[in-house]
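Student: One predicted model, sequence on top.
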There are 2 protein chains.
Amino acid sequence: MHDLIRQAEALCQRSGMAFTAPRRRVLEILAASETPMKAYDLISKAGEGGQATKPPTVYRALDFLCQLGLVHRIEQDATFVACNHAGHSHPMALFVCNTCLKATEVAYDEVAPILEKAAEMQGFHLTRLVVEGRGQCQDCALAA
Amino acid sequence: MHDLIRQAEALCQRSGMAFTAPRRRVLEILAASETPMKAYDLISKAGEGGQATKPPTVYRALDFLCQLGLVHRIEQDATFVACNHAGHSHPMALFVCNTCLKATEVAYDEVAPILEKAAEMQGFHLTRLVVEGRGQCQDCALAA
DNA sequence: GTAGGTAGTGTTATGTAATAACATACTAGG
DNA sequence: CCTAGTATGTTATTACATAACACTACCTAC
């Protein structure tokens, strides 16, 4: 979990971007969370202790972290989750458990080319692909 | 386009559901639109002419139509689009053109099993799958 | 060193998306 | 009838996201 912060620092330094206080704060909170978080939970959490934190501050940090691939936005429910496989942004699907709400990352390297091909057959050229799922994770299946 | 309305009527009758005025109105507007629409555009459009239409009315209609597979919600940007392949809700991806904003539906029957398998390998059991893309459609590629 | 550009943050205000909660109407079965 | 089920109407509010502008820090070219 502190790994992620160090990775972020390294990544920023390499690409000449600033790993500023609000960006660090947002990433720390997300990294510490078991489950994906909603933006406004993040905002109020970020405001605890220190000075009040307003929406644009957090949204800007989130945009930055998403671009670097350190954080993913889950479109289905507008939540954000820290990425384990940080840095190298290869295509991955996010599957969210309906019970415990934890997100599981699954690589879909095999699938991406197929979808790209299917799109090209209709003349459509893909630049971004979102693959998300819902269901039940292993732990919750065993617990049931 | 009126096909879609007739299909909806038939589908509702078969399953004993009511194809009521607001549901029809929302589907008509979506069917007439070239591109996916945002909810509040729908709301104001639905309110033109007749009596004012409030958000819950439209959202309820959208929920209904989505469940029947007559309409799809595009999670990336919270828009709604009428479904050409209505009724039989086989898995399909929605690819949205960044230029003309039109949505193209692409079946991914081949891909779904692969993703399900990849998920199962991590003990995750899928109940819902979202596949969405962004890029450039054929028409816009040719026009460029 | 200082003028000007770039990148980032702080702050106010507002726009946009979605739903809770409750009242009302229609309709089919007993 | 009347009542259970289904759907709509209405008010209000909650949640998600960004526009616009002021300010600071830093860097670099003259």
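Tutor: That came in fine, so what should we check first?

Student: Around DNA strand D, pick out the residues from chain A.
Tutor: Residues of chain A found near DNA strand D (C-beta under 7 Å from any atom of the strand) are A:Lys38, A:Ala39, A:Tyr40, A:Asp41, A:Lys54, A:Pro55, A:Pro56, A:Tyr59, A:Asp63, A:Ala78. Bear in mind the C-beta positions are built from the backbone N, C-alpha and C, glycine included.

Student: and A:Gly123, what are its phi and psi?
Tutor: The phi and psi torsions at A:Gly123 (degrees, to the nearest 10) take the values phi 80, psi 10.

Student: contacting residues around it?
Tutor: The neighbours of A:Gly123, taking C-beta atoms under 8 Å, 6 or more residues apart in numbering or on different chains as the test, are B:Cys137, B:Gln138, B:Asp139, B:Ala141.

Student: Also A:Arg73?
Tutor: Under the criterion of C-beta under 8 Å, 6+ apart, the contact partners of A:Arg73 comprise A:Leu62, A:Cys66, A:Thr79, A:Phe80.

Student: thought the first one was touching A:Ala39?
Tutor: Yes - using C-beta atoms under 8 Å, A:Leu62 makes contact with A:Ala39 at a distance of 7.0 Å.

Student: Looking at the two, which is more packed in?
Tutor: When neighbours are counted by other C-beta atoms under 10 Å in any protein chain shown, A:Leu62 comes out ahead of the other of A:Leu62 and A:Ala39, with 19 against 15.

Student: Contacts only, for the more buried one.
Tutor: A:Val26, A:Ala39, A:Leu42, A:Val71, A:Arg73, A:Phe80.

Student: Would you map out the domains in chain A?
Tutor: With automatic domain parsing serving as the domain definition, the record reports that chain A contains domains spanning A:2-82, A:92-143.

Student: The shortest one: how far from the chain's middle?
Tutor: Going by C-alpha atoms, centre = their mean, to the nearest Å, the spacing between the C-alpha centre of domain A:92-143 and its chain's C-alpha centre is 13 Å.

Student: Is it positioned near DNA strand C?
Tutor: No - judged by C-beta under 7 Å from any atom of the strand, domain A:92-143 makes no contact with DNA strand C; its nearest approach is 14.4 Å.

Student: Tell me the span between the first and last residue of that domain.
Tutor: Using C-alpha to C-alpha, to the nearest Å, one end of domain A:92-143 lies 27 Å from the other.

Student: Quick one: mean pLDDT for it?
Tutor: The pLDDT scores in domain A:92-143 average 94.

Student: got a list of what the residue nearest to A:Cys97 when sequence neighbours are not counted touches?
Tutor: Excluding the flanking residues, the one nearest A:Cys97 by C-beta to C-beta, 6 or more residues apart in numbering or on different chains is A:Cys137, at 3.9 Å. Going by C-beta under 8 Å, 6+ apart, A:Cys137 touches A:Phe95, A:Cys97, A:Thr99, A:Cys100, A:Lys102, A:Thr104, B:Gly123, B:Phe124.

Student: Apply the buried test to the contacts of A:Arg73 and list what passes.
Tutor: With neighbours counted by 16 or more other C-beta atoms under 10 Å in any protein chain shown, the contacts of A:Arg73 contain buried members at A:Leu62, A:Thr79, A:Phe80.

Student: Using TSV, lay out those residues together with distance to A:Glu34.
Tutor: Supplementary listing: the buried ones among the contacts of A:Arg73 in TSV, determined by distance: C-beta to C-beta, whole Å:
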residue	distance to A:Glu34
A:Leu62	18
A:Thr79	12
A:Phe80	13
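
Student: Format these as TSV; extra columns: pLDDT, distance to B:Arg14 and secondary structure.
Tutor: Putting the buried ones among the contacts of A:Arg73 into TSV (pLDDT from 0 to 100; distance: C-beta to C-beta, whole Å; DSSP: H, G, I helix; E, B strand; the rest coil) gives the following:
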residue	pLDDT	distance to B:Arg14	secondary structure
A:Leu62	98	45	helix
A:Thr79	98	37	strand
A:Phe80	98	42	strand
